[in-house]
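Enquirer: Return atomic coordinates for the entry below.
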Amino acid sequence: MTRLTHLLGTAAMALALTSAAQAQDTTATDTTEAPTTEAPAADAPATEAPADLAAAPTADPATVVASVDGSDITLGQLIIARSQLPQQYDQFPPDVIFQGVLDQVVQQQLLANSLSDTPDRVTWALANEERSLRAGEVITDLTATAVTDEAIQAAYEEMTAAASADPVMEWNASHLLVETKEEAEAAQERINGGEDFATVATEVSTGPSGPSGGELGWFGPGQMVAEFEQTVEGMQPGDVSGPVQTQFGWHIVKLNETRGKPVPPLEEVQAEIVGGLQEAVILSKIEELKSAAKITLPEPGAIDPAVLSNLDLLEK
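Expert: A predicted model of the protein is given here:
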């Protein structure tokens, strides 16, 4: 039912906006006013905005914009409905948007008024919606206070200091890959005997880096298979390893350089920092509220978890 209501609202909005846009185009292209002897209609259509609304110097969300069989529609309700429109509707001028939103809400009110008995599921859904909106207001206030330019800068400086105190290592290495341990040992002997590592790798390596002398470039933790990473962790720049077996075959590894992983610039991690600040202040508030609240939860096993999928229970 919720999806059908959404589809109806979307269809009504699209129809209203299309009609309003077409009417606007007709008005813009046809400037000849046809004479008429008919008197104006006594009552304006239900979806027509009050004349004094647009002329009012200030807007009040409590202003009644329309009424459907005694059910008032306020400006505040229209503002909320407008805020929930997809961005694609921004292409329309305000008057077209206003008429489209008004038509949509009036149509929804007509349908809502025709409902004789409110199903239980609507009552439960409204309770959830109110809870979510109220919680959202608290979260908005919390995050607006916690996420400031000063807080973001302080968090970034803390991140930079932590990286300097305990840097994450990155390695620059080369390797050669062969099928058997004997081939790896033979390659190692050539290198230990004074041959250039890159030359030997180019000649014998079966890996994709072989043609470039086995160069792998820079990599950090978790980017190589465990056996390979464990090998380079125990090496010093310039060291050449013995045969190392991985799922790909047998390797001889040369560690070229090491460095601490650089801290990215603030603009690259700002979204991550903002998310962390938001999460921290929300969790802190929840813990504060929990410590002062009396919360009663069901005993383990008291409710069958599968019952959450039983929508038939809401049909009573």
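Enquirer: all helices for the stretch 201-316 of the chain, in order.
Expert: Counting by DSSP state H, counting those that start in this stretch, the segments of the stretch 201-316 of the chain that form helices are 226-233, 266-292.
Enquirer: For this protein, give me the ranges with low pLDDT.
Expert: Along the chain, segments meeting pLDDT under 70 span 1-58, 316.
Enquirer: all strands of it, in order?
Expert: 64-68, 71-74, 169-178, 215-219, 244-246, 249-260 (DSSP state E).
Enquirer: Mean neighbour count added to the helices of the stretch 201-316 of the chain, as TSV?
Expert: Backbone N, C-alpha and C define where each C-beta goes, glycine included. Output for the helices of the stretch 201-316 of the chain, formatted as TSV (neighbours: other CB atoms under 10 Å):
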stretch	mean neighbour count
helix 226-233	16
helix 266-292	13
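Enquirer: Quick one: closest of the ones you listed to Gly207.
Expert: Gly207 lies closest, by CB to CB, to one member of those: helix 226-233, at 11.5 Å.
Enquirer: could I get the helices of the stretch 201-316 of the chain as JSON lines with distance to Gly242?
Expert: Below are the helices of the stretch 201-316 of the chain laid out as JSON lines (distance: least, CB to CB, whole Å):
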{"stretch": "helix 226-233", "distance to Gly242": "9"}
{"stretch": "helix 266-292", "distance to Gly242": "39"}
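Enquirer: of all those, which lies closest to Arg131?
Expert: helix 266-292 (13.9 Å).
Enquirer: for the closest one, the distance to its chain's centre please.
Expert: Relative to its chain's centre, helix 266-292 lies at 16 Å (CA atoms, centre = their mean, to the nearest Å).
Enquirer: likewise stretch 193-210?
Expert: Relative to the centre of its chain, stretch 193-210 is centred 46 Å away, using CA atoms, centre = their mean.
Enquirer: Send me it as PDB with only the CA atoms.
Expert: Below are the C-alpha coordinates for stretch 193-210, written out as PDB (Å, rounded to 0.1, in the frame of the first residue of the first chain):
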ATOM      1  CA  GLY A 193      76.800 -14.200  -7.200                       C
ATOM      2  CA  GLY A 194      76.600 -10.600  -8.300                       C
ATOM      3  CA  GLU A 195      74.100 -10.600 -11.200                       C
ATOM      4  CA  ASP A 196      71.600  -7.800 -11.300                       C
ATOM      5  CA  PHE A 197      68.300  -8.700  -9.800                       C
ATOM      6  CA  ALA A 198      66.300  -7.000 -12.500                       C
ATOM      7  CA  THR A 199      68.300  -8.800 -15.200                       C
ATOM      8  CA  VAL A 200      67.700 -12.200 -13.700                       C
ATOM      9  CA  ALA A 201      64.000 -11.400 -13.100                       C
ATOM     10  CA  THR A 202      63.500 -10.300 -16.700                       C
ATOM     11  CA  GLU A 203      65.100 -13.600 -17.900                       C
ATOM     12  CA  VAL A 204      63.400 -16.100 -15.600                       C
ATOM     13  CA  SER A 205      60.300 -14.700 -14.000                       C
ATOM     14  CA  THR A 206      56.900 -15.900 -15.200                       C
ATOM     15  CA  GLY A 207      55.000 -13.200 -13.400                       C
ATOM     16  CA  PRO A 208      53.500 -10.100 -15.200                       C
ATOM     17  CA  SER A 209      56.200  -7.900 -13.600                       C
ATOM     18  CA  GLY A 210      59.000 -10.000 -15.200                       C
END
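Enquirer: Sort out which residues of it are buried, please.
Expert: 197-198, 200-202, 204-205, 207, 209-210 (16 or more other CB atoms under 10 Å).
Enquirer: what residues does it touch?
Expert: Identification of contacts with stretch 193-210 by CB atoms under 8 Å, 6 or more residues apart in numbering yields 174-179, 183, 187, 190-191, 211-216, 240, 248-249, 254.
Enquirer: And these, which of them are buried?
Expert: Using 16+ other CB under 10 Å, the buried ones in the contacts of stretch 193-210 are 174-178, 183, 187, 190-191, 213-216, 240, 249, 254.
Enquirer: Can you tell me which of these is nearest Gln270?
Expert: Closest to Gln270, out of all of the buried ones among the contacts of stretch 193-210 and judged by CB to CB, is Leu216, at 30.9 Å.
Enquirer: show me what contacts that closest one?
Expert: So Leu216 contacts 172-175, 209 (CB under 8 Å, 6+ apart).
Enquirer: hmm, back to that, between the strands of the chain, which gets nearest to Glu158?
Expert: For Glu158, the closest of the strands of the chain is strand 249-260, at 16.6 Å, according to CB to CB.
Enquirer: how near is the closest residue to Phe228 other than its chain neighbours to Asp239?
Expert: Nearest non-adjacent residue to Phe228, counting by CB to CB, 6 or more residues apart in numbering: Thr246, 5.8 Å away. Per CB to CB, to the nearest Å, Thr246 is found 18 Å from Asp239.
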